[in-house]
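**Student:** quick one: sequence plus predicted model below, questions after.
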Amino acid sequence: GIFGRNSRIIGSIPASIKDFPFIVSIRVASSNQFLCAGSIISHWNILTSAQGLYNYNYSDIAIYAGIKSSKNTDGTKFQIANVTFHPKFKELMKLTLIYNYDIAIIKVDKRIEYNLFQRNINLPTKDISTGNLAVIAGWGTTIYPNGNISDELRKSPMIIFHNVHCTFKLQAILNDDQLCAYNEIGVGACTGDSGGPVIHDNKIIGIISLTYGCALGLPDIHTKVYTYLNFIKDIIEN
């Protein structure tokens, strides 16, 4: 399977930033290279995957909100004031490349003012049930294996499955902090854009994390946000 920073959305359709005003594009500032996506969860904080930012120089990272392009710089630009990784993620990274505890919270350098094109998404208030429909969004490549980053924001529906189902399909053990999502062959995340949101009922229930191949009929694994509510709230409330 393919593990990595780069989960891209295949089998997707164009999306409007007005429908996803919480999504941000995280890039290397000096080259404008797209790194990963994230989601605004407060006036000061962005939720993303830990793998997307791990071992990067934060002073050379720019975050753009309020635009649907992965390349344009006409949105609101933010820089990183601080990043909090889950402590167990940092421990695991010394031992393995399997991304458990794949969650990080960015504090930006200035207040995020909400408007039609940039605002927060709510955190979940309960665990997600299997069988529910969710949506993933991002700038991932639409062609595998040789596609480039999509310039426009795209979205794709996914169905939440029980972790036991995914354990069987993937022959890999999933933890309680992971969310299993699946659609038909030809639809799903791929190599590239971790950190993007998994959305249900206008709440962020997951963070795009792991893909096995690209839309080849195998489930995608995402970080389950509900599991980390205390971790998230402790940081954004302090």
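**Tutor:** Noted; the coordinates are in hand.
**Student:** and residue 69, what does it touch?
**Tutor:** 25, 151, 152, 153 (Cβ atoms under 8 Å, 6 or more residues apart in numbering). Every C-beta, even on glycine, is put in place using the N, C-alpha and C of the backbone.
**Student:** and the contacts of the strand with the most length in the chain?
**Tutor:** Scanning the chain for the strand with the most residues, using DSSP state E, yields strand 76-85. Outside of strand 76-85, the residues that reach it under the criterion Cβ under 8 Å, 6+ apart are 24, 29, 50, 53-54, 58-59, 61-66, 103-110, 112-113, 118, 235.
**Student:** switch to 6 Å and redo it
**Tutor:** 50, 53, 58, 61-66, 104-109, 235 (Cβ atoms under 6 Å, 6 or more residues apart in numbering).
**Student:** those residues in strands, which ones?
**Tutor:** Those of the contacts of strand 76-85 mapping onto strands are 61, 62, 63, 64, 65, 104, 105, 106, 107, 108, per DSSP E.
**Student:** surely the fourth one touches residue 26?
**Tutor:** What that stands for is residue 64. No - judged on Cβ atoms under 6 Å, residue 64 makes no contact with residue 26 at a distance of 8.1 Å.
**Student:** does residue 168 sit in a helix, a strand or a coil?
**Tutor:** When classified by DSSP: H, G, I helix; E, B strand; the rest coil, residue 168 comes out as helix.
**Student:** so for it, what's the pLDDT?
**Tutor:** If you check residue 168, the pLDDT there is 76.
**Student:** pLDDT on stretch 78-92, on average?
**Tutor:** Here the average pLDDT along stretch 78-92 is 89.
**Student:** same check on stretch 122-131?
**Tutor:** Stretch 122-131 comes out at a mean pLDDT of 94.
**Student:** do stretch 205-214 as well
**Tutor:** For stretch 205-214, the mean pLDDT works out to 76.
**Student:** distance check, the residue of the chain most remote from its centre against residue 218.
**Tutor:** Largest separation from the mean C-alpha position in the chain: residue 168, at 24.2 Å (Cα atoms, centre = their mean). With distances taken as Cβ to Cβ, to the nearest Å, residue 168 is found 11 Å from residue 218.
**Student:** quick one: low-confidence parts of the protein?
**Tutor:** Along the chain, the parts satisfying pLDDT under 70 run over 1-12, 92-99, 140-150, 184-193, 210-217.
**Student:** show me where this structure has its helices.
**Tutor:** For the chain, the helices defined by DSSP state H cover 50-53, 87-93, 163-170, 229-236.
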